[in-house]
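Visitor: Need coordinates for the below:
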Amino acid sequence: MIVMKFGGTSVGSAQRILNLVARVRERRERRPVVVVSALAGVTDLLIRGARAALARDPASDAVVQEMQARHNDTIRDLIPAGEVRNRLLAQVEEVLAELRILYTGVHYLEELTPRSLDAIAGMGERVSCEIVAAALQQADVPARALDARSVLLTDDSFGRAQPLLEETGARVRENVRPLAEEGIIPVLGGFIGSTREGVATTLGRGGSDWSASVFGSLLPAEEIQIWTDVDGIMTLDPRVFPGARVIPKISFDEAAELAYFGAKVLHPASIKPAVERGIPVIILNSLNPAAPGTLITAAAPGAEGEPRAIAFKKGISVILIAQPRMLMAHGFVAQVFEVFARHRTPVDLIATSEVSISLTVDNPAALSAVQADLASLGEVRVISAMAIVSVVGRGFVRRSGLAGRIFQALSSVNVVMISFGASDVNVSFVVADADAERAVRLLHREFFERGQP
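Guide: Next comes the predicted model:
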């Protein structure tokens, strides 16, 4: 049994859905469970409509119309006239009727809560799983759409919900696994779930990968396939540097670091459930199915101490806290982190000196409140518009000279903060947003292009 997850670009049009059907048919003997994102761009469209409704902008009506046209056109291109097509068109209208009600509520209340936004943002997956299941059936592949909200149970952290694995495992064993064992392909929307009380939630942007990994770990699957629009995990984002190379095999630890620090191939949390069960993950390109992809396993070949890839993440804020009398005092660091915990704001990097502590965060939502609470502990300064650059590999702490090569390559770039030694697979540092692309190109030249023709 395998899990096949297809992102938005893989379900972006009728032709791409037909390509998806072909990939699933090729693997029918492996009893696939299919997880799909919303059609490309739909989640952004839904959120834009919600923002418009909040502003009492009639553009929210245009969003509903665009949603209807987009999905209805896809259905008509895929499914011939008849009962199945009519059923799908009716399901689209049913979801859009609910969307109109939600937009109207946001409009009149002039309030868009995280709970309301989750209900709105997850509507694309509710429709896409039905369309994909029908397309599979049209190709004589037994399939059934399942509402992921009735399978994936989460807490009520709306916008960033955490899966409840024990309860979800029971639902997977009851509703998903029996279908796959019978040769019927379950098709579920990724990214969405619900609380125990049935309130819609989402796992956050990019959460379809996480959904796939959760389902894969609970089945359990022999392999999780993430079908995207690139040939695999690369030495650098090819949109920044077209000469980046695919990494054939990489370890779970390396992939997790790359995902967290900006590589956009995987959701940062998606590796964890697979790691815990030792399930290999393979990244494949639905637009280039002949490409071998990248295999992620517990261990991977490659010399220790040599970088495998470079990632970067923009939109970072650096928080500097200075308090000469209290920094090394008992409990000071605990007080600092208690502030971040209270505001549910994760910290990416940390560096300390005798008189200050520096941290980075990528969630600006609670930044003002965090800064206000930290002011009681010392002098606080926030530097915005920064970027984290990460060099990822294995065995870094046992390799002499690596840091020298990194910072020699970056001699023309101002480095604001360095984190080295906290992880054996990652050297990270902070530069200005405006310098991020130049920094990663310099590093790629140093570690991946020397000696190349």
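
Visitor: what about the stretch 201-350 of the chain, any weak spots by pLDDT?
Guide: Across the stretch 201-350 of the chain, the ranges flagged by pLDDT under 70 are 301-305, 325-329.

Visitor: Could you list the domains of the chain?
Guide: For the chain, automatic domain parsing gives the domain ranges 2-228, 307-449.

Visitor: Quickly compare these and say which is most buried.
Guide: Of all the domains of the chain, domain 2-228 carries the top mean neighbour count, a mean of 20, counting by mean count of other CB atoms under 10 Å. Just so you know, the C-beta spots here come from the backbone N, C-alpha and C atoms, and that holds for glycine as well.

Visitor: For that one, what is the distance to the chain centroid?
Guide: Taking CA atoms, centre = their mean, to the nearest Å, one finds the center of domain 2-228 at 15 Å from the center of the full chain.

Visitor: And the strands in the stretch 251-400 of the chain?
Guide: Ranges of strands in the stretch 251-400 of the chain, per DSSP state E, counting those that start in this stretch, are 281-285, 294-297, 307-322, 350-352, 356-361, 379-393.

Visitor: need the next SSE after the helix or strand containing A134, C-terminal direction.
Guide: Per DSSP states H and E, A134 falls inside helix 123-138. Sequence-wise, the next helix or strand downstream of helix 123-138 (DSSP H and E) is strand 143-146.

Visitor: hmm, back to that, got JSON lines for the strands of the stretch 251-400 of the chain, with distance to A200 too?
Guide: As requested, the strands of the stretch 251-400 of the chain are exported to JSON lines (distance: least, CB to CB, whole Å):
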{"stretch": "strand 281-285", "distance to A200": "27"}
{"stretch": "strand 294-297", "distance to A200": "30"}
{"stretch": "strand 307-322", "distance to A200": "27"}
{"stretch": "strand 350-352", "distance to A200": "35"}
{"stretch": "strand 356-361", "distance to A200": "27"}
{"stretch": "strand 379-393", "distance to A200": "32"}
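
Visitor: Quick one: closest of these to G232.
Guide: Nearest of these to G232, taken as CB to CB: strand 294-297 at 3.3 Å.

Visitor: Show me what the closest one is packed against.
Guide: Packing partners of strand 294-297 (3 or more CB pairs under 8 Å, 6 or more residues apart in numbering; DSSP states H and E): strand 249-251, helix 252-260, strand 281-285.

Visitor: Mind checking those for the one nearest to W210?
Guide: In terms of CB to CB, the element of the helices and strands packed on strand 294-297 nearest to W210 is helix 252-260, at 10.4 Å.

Visitor: now the closest one and strand 307-322, what's the angle there?
Guide: Helix 252-260 and strand 307-322 are oriented at 60 degrees to each other (axes from the mean of the first three to the mean of the last three CA atoms, to 10 degrees).

Visitor: Check the offset of helix 252-260 from the chain's centre.
Guide: On CA atoms, centre = their mean, the centre of helix 252-260 falls 12 Å from that of its chain.

Visitor: what's next to stretch 168-182, contact-wise?
Guide: 1, 31-33, 144, 146, 150-153, 185-186, 188, 193, 214-215, 218-219 (CB atoms under 8 Å, 6 or more residues apart in numbering).

Visitor: again, only using 6 Å
Guide: With CB atoms under 6 Å, 6 or more residues apart in numbering as the test, stretch 168-182 has contacts from 1, 31, 33, 151-153, 186, 218-219.

Visitor: would you put the C-alpha positions of it in CSV?
Guide: This file holds the C-alpha atoms of stretch 168-182, laid out as CSV (Å, rounded to 0.1, in the frame of the first residue of the first chain):
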residue,chain,number,x,y,z
THR,A,168,-7.2,9.8,13.2
GLY,A,169,-5.6,6.4,13.2
ALA,A,170,-8.9,4.8,14.2
ARG,A,171,-10.7,6.7,11.4
VAL,A,172,-8.0,5.6,8.8
ARG,A,173,-8.3,2.0,9.9
GLU,A,174,-12.1,2.2,9.7
ASN,A,175,-12.6,4.2,6.5
VAL,A,176,-9.5,4.3,4.4
ARG,A,177,-7.6,1.1,4.7
PRO,A,178,-10.5,-1.3,4.0
LEU,A,179,-11.2,0.5,0.7
ALA,A,180,-7.6,0.2,-0.4
GLU,A,181,-7.5,-3.5,0.6
GLU,A,182,-10.6,-4.1,-1.6
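
Visitor: Quick check: V240 touching E437?
Guide: Yes - assessed by CB atoms under 6 Å, V240 is found in contact with E437 at 5.4 Å.

Visitor: A helix includes Q225, no?
Guide: No - Q225: not assigned to a helix; according to DSSP: H, G, I helix; E, B strand; the rest coil it is strand.

Visitor: how near is F191 to E449?
Guide: Separation of F191 from E449 (CB to CB, to the nearest Å) stands at 37 Å.

Visitor: got it, and D147?
Guide: In this view, D147 and E449 are 48 Å apart by CB to CB.

Visitor: what does V63 give?
Guide: 45 Å.

Visitor: ok, now E94?
Guide: 54 Å.

Visitor: repeat for N175
Guide: For N175, the distance to E449 - CB to CB - is 50 Å.

Visitor: With R441 instead?
Guide: The value you get for R441 to E449, if CB to CB is used, is 10 Å.

Visitor: Check R23 too.
Guide: For R23, the distance to E449 - CB to CB - is 33 Å.

Visitor: just H71 next, same as before
Guide: Look at H71 and E449: by CB to CB, they are 45 Å apart.

Visitor: swap in V230?
Guide: Distance, V230 to E449, using CB to CB: 20 Å.

Visitor: swap in V199?
Guide: Separation of V199 from E449 (CB to CB): 51 Å.

Visitor: what's the answer for P324, then?
Guide: Distance of P324 to E449, given as CB to CB: 45 Å.

Visitor: returning to that earlier point: who are the packing partners of the helix holding A134?
Guide: Packed against helix 123-138 by the contact rule (3 or more CB pairs under 6 Å, 6 or more residues apart in numbering; DSSP states H and E) you find helix 14-26, strand 32-36, helix 42-54, helix 83-109, strand 143-146, strand 185-189.

Visitor: Chain neighbours aside, what residue packs nearest to I319?
Guide: Closest residue to I319 apart from its sequence neighbours, by CB to CB, 6 or more residues apart in numbering: L359 at 5.0 Å.

Visitor: and if you look at E446?
Guide: Counting by CB to CB, 6+ apart, the nearest residue to E446 once its immediate chain neighbours are dropped is A409, at 4.0 Å.

Visitor: so that neighbour sits right up against L442, yeah?
Guide: Yes - under the criterion of CB under 6 Å, A409 makes contact with L442 at 4.9 Å.

Visitor: Format the helices and strands packed on helix 123-138 as TSV; extra columns: distance to S270 and mean pLDDT.
Guide: Formatted as TSV, these follow (distance: least, CB to CB, whole Å; pLDDT from 0 to 100):
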stretch	distance to S270	mean pLDDT
helix 14-26	19	96
strand 32-36	11	98
helix 42-54	17	97
helix 83-109	26	97
strand 143-146	20	98
strand 185-189	15	98
